[in-house]
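A structural model of the following input is requested.
(chains A and B)
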Amino acid sequence: MSLTFSLAHLMGGIVLLCGFLLLSQRRLAAMITLYQIQACVLAAAAFWQGWAQHELNLYLTGIITLALKGLLLPYGLRQIVLRFNLRRAVESGMGMALSLILGVGLIGIAVLVVLPSTMRAVSLTREDLAIALSVVLLGLLVMVSRRSALAQIIGFLSTENGLVLAAIGMPGMPFVAEFSVALLVLLAFLVVGVFLLRIREHFDTLDVTGIEAIERRGR
Amino acid sequence: MHLQPDALSWLFLGILLPQVVASAVAGMRGSVTFWVFGLGMALALLAGDAFTLIFGFELMSAASWLLVLRGDERPATFYVTMAIFSGACLIPAVFLPASSVAFVLILLGTGAKAGLAPLHAWLPKAHPAPPAGVSALMSGGMVKVALYVLIRYAFIILAPAAQPWWGVVLIAAGLASVLIGALRAMLEVELKTVLACSTVEHVGLIAVGLGVALRAKAMGDETLEGLGLQAALLCIVAHALFKPLLFLGAGEVKHAVGTTSLNWLGGLVRGMPRLGGLMLLGAACMAALPLGAGFAPEFLLLHAIIGAAATGGILARLFFTAALAILGLGAALALGAAVRLFGMGFLGRPRSLQAAAADDIRGAPLMAMGLLAVLILPVALLPGLVLGTMTPVLLLLAPQAALPPLAYAPLSLAVLALLLAAALGFVLQRWGVRGTREVAGWNGGFGAPPPWLPFGDPATQPSATGLAEPVARAIGRGVLARDMADPTEAWLVAPLLQLYRRLVRLAERIRRATIRERLAFVFGALVVFLLALGLGEGG
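I've put the predicted structure just below:
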């Protein structure tokens, strides 16, 4: 039983570490790789939880995660990078040091919120929940602090990974919820991909600063 | 919604009725908004519960806003801002338990509506804007409804928690109103603005009376409380009669001459003797001259202040002595304002052709003003009788008060003066010099008009501005702002306006936020919420 806990925590920790490293990466290609690693570790965590909880649904979740987020989405993202010639693109948003400090603060808040308010719950889910909330908050911070639309999408996907991490750690979570979340993310990815093409057509860049300037002028 | 009138309600309804009738007769009877305005006031006065009171009060505010909007847009906006502020103070206050917080909110709410300093800056702008009938009802009626709410809450509903400092605050606000109102009435040039400033002054007098009574009530001095209430209520009755009279007269001046600027009037009493006589009566009441309706309340008020100066410690004595001085200054300025109003507007030589050719009033306006003038006479000549009819109200507000009879009997004074005048006339007739004699007079410094200018050059007469100039130099520049504007405009209205502009700019900045900034807002809100949750749970 203790192996179950420690391995689940280890994988959760790796997911969190990937989310944290996303903050510190300036290059889009590296961010995609980190996202892929995060998704693969998440899939492994799902398999492990499925084995530990004897739950077939979780294996299915793991397969979906691996196929969709571990392979398909990174492939799509890389295609976008190739097509828009962003291999060497450097993101210029918030300063790295500042965003890392904010990230540490967010993890602190997540721990501060989850650990006291779930005092009566099982210890396994408590730490898992804290890690999952940290991943969600870090993904949101990526969305807020980056200027490139692609980096914002990666932040959004990472947020969703945090949700799945919370779901698989929780015994008795219905499979339909995870499945619908995954489908939703895929649809959002498709919509945003089309949207990116349009932005690129109009402004020749994925930097949303141009749109913001137009927005200001338009009003 | 339920109505439960008592003696206080009936008193205020009684003083509201003649004004509504006079305003309706004078030309407002066709306006639906006017009747809604009147209905709102009646509802607020008759209300038996807090909801009905607030409903009537806000109905009155909304209707009067529409009526002011007919006259001018800028004062209407200022006015409705103050009305909303007043509502925002009153609505929580009427549902609070009896406490000092409730009293302060009531005072702010009713003070903003009644034009009590420092929340009076809107009144000299908004009251002159609408047609004369509405101005009359706003000055004579609406202000009184606000004072009614103040009296009902301060003396009846919040009475168990009464503190002496409530009265002191009320007195201080009233003294500031008296000083600023009387000074501005002396300096303003527009006839209706002069009248509105005089309203501020009279609201101040009423507030001083109420403040003395409230302080005495909290200190357990029922006799002084009765005296203060007598002064305040008599002042309310008198003001509710002569101010509509003056406003209706100002409307008729506007109708006949086309302007109400004192600098362009003059000599109206020759062309309009009836209006002149009625306005002279109103001005005498406004100046608190003996034998006028304004004298008895001021007499009682000074008595009350002198009585209050004998209670409390050294600070209270100094305060009431200073109050006496300010009231004296206010009375002198009010007298000056009334003299200037009548002297500039109705005496002397016409300053414009329209003023020279003005026709006297007749028909409905004359009836309306005549009604008010007839009602003023008993208040002016028999104030003791009027106070006697108010005894149930006084006993309702101060149950144990010993009400001293009024030591001022103007009717016998008037009869004596009349006898004296008749005797003097008889002596002059019998032994006086017969015939007329031409003498070279000083004539105010100017000679007979040249033949090509039958009315004289208006510029050779002293103007209203010129007459006020010595007062402006002596005290105006010290009390008011540099350009004779209201001091609260610089100290209160301008900073509030600046704050409002800043808030608007901030709101505009938020409205123009980019997608990323909006995301950041939501994210920040989430983080703050989580932090609060975590700290709350941890604590």
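
can you list the residues of chain B near chain A?
By the rule C-beta under 8 Å from any C-beta of the partner chain, the part of chain B lying against chain A is B:512, B:514-516, B:519-520, B:523, B:526-527, B:530-531, B:533-535, B:537-538. Glycine gets a C-beta too; all of them are placed from N, C-alpha and C.

buried subset of those residues?
B:516, B:519-520, B:523, B:527, B:530-531, B:533-534 (16 or more other C-beta atoms under 10 Å in any protein chain shown).

Of all those residues, the one with the weakest confidence?
In terms of pLDDT, the lowest of those is residue B:516, showing 78.

Tell me the secondary structure at residue 136.
Here I'm looking at chain A. helix (DSSP: H, G, I helix; E, B strand; the rest coil).

Per-residue confidence at it, what does it come out as?
With respect to pLDDT, residue A:136 has a value of 92.

Can you tell me, leaving aside adjacent residues, what's nearest to it?
Closest residue to residue A:136 apart from its sequence neighbours, by C-beta to C-beta, 6 or more residues apart in numbering or on different chains: residue A:162 at 3.7 Å.

any idea how far residue B:486 lies from residue B:473?
18 Å (C-beta to C-beta, to the nearest Å).

Settle it for me: which of the two has more neighbours?
Per other C-beta atoms under 10 Å in any protein chain shown, whichever of residue B:486 and residue B:473 has more neighbours is residue B:486, with 25 against 10.

Just the local confidence number for that one, please.
83.

Now for it: which residues touch it?
The contact partners of residue B:486, taken as C-beta atoms under 8 Å, 6 or more residues apart in numbering or on different chains, are B:120-121, B:124, B:180, B:184, B:480.

Can you lay out the residues you listed as CSV showing pLDDT?
Listed next are these as CSV, based on pLDDT from 0 to 100:
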residue, pLDDT
B:120, 90
B:121, 90
B:124, 92
B:180, 93
B:184, 93
B:480, 83
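
Please narrow these to those residing in helices.
B:124, B:180, B:184 (DSSP state H).

Relative to chain A, which of these is nearest.
Chain A lies nearest to residue B:124 out of the ones in helices among the contacts of residue B:486, by C-beta to the nearest C-beta, at 39.7 Å.

Please name the nearest non-neighbouring residue to that closest one.
Among residues not flanking residue B:124 along the chain, residue B:196 sits closest, at 4.4 Å (C-beta to C-beta, 6+ apart).

follow-up on the earlier one: quick check: the two most widely separated of the contacts of residue B:486?
The largest separation in those, counting by C-beta to C-beta, is between B:120 and B:480 at 12.9 Å.

These two: who's more crowded?
More crowded of residue B:120 and residue B:480, by other C-beta under 10 Å: residue B:120, with 28 against 20.

residues in contact with the more buried one?
Contacts for residue B:120 (C-beta under 8 Å, 6+ apart) come out as B:177, B:180-181, B:200, B:203, B:486, B:488.

distance of it from residue B:42?
Distance, residue B:120 to residue B:42, by C-beta to C-beta: 25 Å.

What about the residues of chain B next to chain A, which are in helices?
Judged by DSSP H, these include B:515-516, B:519-520, B:523, B:526-527, B:530-531, B:533-535, B:537-538 as members of helices.

Throw the residues you listed into TSV and include distance to residue B:257, thanks.
As requested, those are arranged in TSV below (distance: C-beta to C-beta, whole Å):
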residue	distance to residue B:257
B:515	63
B:516	65
B:519	65
B:520	64
B:523	67
B:526	68
B:527	69
B:530	71
B:531	70
B:533	71
B:534	74
B:535	72
B:537	76
B:538	77
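
Out of these, which two are the most distant from each other?
The largest separation in those, counting by C-beta to C-beta, is between B:515 and B:538 at 34.2 Å.

Surely residue B:103 touches residue B:165?
No: with contact defined as C-beta atoms under 8 Å, residue B:103 does not reach residue B:165; the gap is 9.7 Å.

In terms of neighbours, single out the busier of the two.
For residue B:103 and residue B:165, the more surrounded residue by other C-beta under 10 Å is residue B:103, and the numbers stand at 25 against 13.

in which helix or strand would I find the more buried one?
For residue B:103, the host element (DSSP states H and E) is helix B:100-114.

so what secondary structure elements neighbour that helix?
Contacts defined by 3 or more C-beta pairs under 8 Å, 6 or more residues apart in numbering or on different chains; DSSP states H and E place helix B:100-114 against helix B:73-95, helix B:143-151, helix B:164-187, helix B:191-219.

And for it, what's in contact with it?
Identification of contacts with helix B:100-114 by C-beta under 8 Å, 6+ apart yields B:57, B:61, B:82-83, B:85-90, B:92-94, B:96, B:116, B:119, B:142-143, B:145-147, B:149-150, B:153-154, B:158, B:161, B:163, B:166, B:169-170, B:173, B:203, B:207.

Then stretch B:70-80?
Stretch B:70-80 is contacted by residues B:61, B:64-65, B:68-69, B:121-122, B:125-126, B:128-131, B:134 when judged by C-beta under 8 Å, 6+ apart.

Now render the residues you listed as TSV, adding secondary structure and neighbour count.
TSV is the format used below for those (DSSP: H, G, I helix; E, B strand; the rest coil; neighbours: other C-beta atoms under 10 Å in any protein chain shown):
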residue	secondary structure	neighbour count
B:61	helix	23
B:64	helix	29
B:65	helix	19
B:68	helix	27
B:69	helix	17
B:121	coil	23
B:122	coil	26
B:125	helix	19
B:126	helix	28
B:128	coil	28
B:129	coil	23
B:130	coil	29
B:131	coil	20
B:134	helix	28
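
Relative to residue B:301, which of these is nearest.
Of all the contacts of stretch B:70-80, residue B:301 sits closest to residue B:121, with 24.6 Å by C-beta to C-beta.

That closest one and chain A, how far apart?
According to C-beta to the nearest C-beta, to the nearest Å, residue B:121 stands 35 Å off from chain A.

and if you look at residue B:357?
Counting by C-beta to the nearest C-beta, the gap from residue B:357 to chain A is 57 Å.

and the nearest residue to that residue once chain neighbours are set aside, how many neighbours?
Counting by C-beta to C-beta, 6+ apart, residue B:271 is the residue found nearest to residue B:357 once chain neighbours are left out, at 7.0 Å. By other C-beta under 10 Å, the residues close to residue B:271 number 18.

so residue B:271 touches residue B:354, yeah?
No: at 10.2 Å, residue B:271 and residue B:354 do not qualify as touching, with contact defined as C-beta under 8 Å.

What is the burial count for residue 54?
Assuming you mean chain A. Residues contacting residue A:54 under the criterion other C-beta under 10 Å number 7.

my bad, chain B
As a burial measure, residue B:54 scores 20 neighbours (other C-beta under 10 Å).

residues touching it, list them.
By C-beta under 8 Å, 6+ apart, the residues touching residue B:54 are B:87, B:90-91, B:94.

if I look at residue B:387, how far off is chain A?
65 Å.

so which strand or helix has that residue?
helix B:383-389.

residue contacts, the most centrally placed residue in chain A?
Central residue of chain A (C-alpha atoms, centre = their mean): residue A:158, 0.7 Å from the mean position. Counting by C-beta under 8 Å, 6+ apart, residue A:158 touches A:18-19, A:22, A:35, A:38, A:135, A:138-139, A:142.
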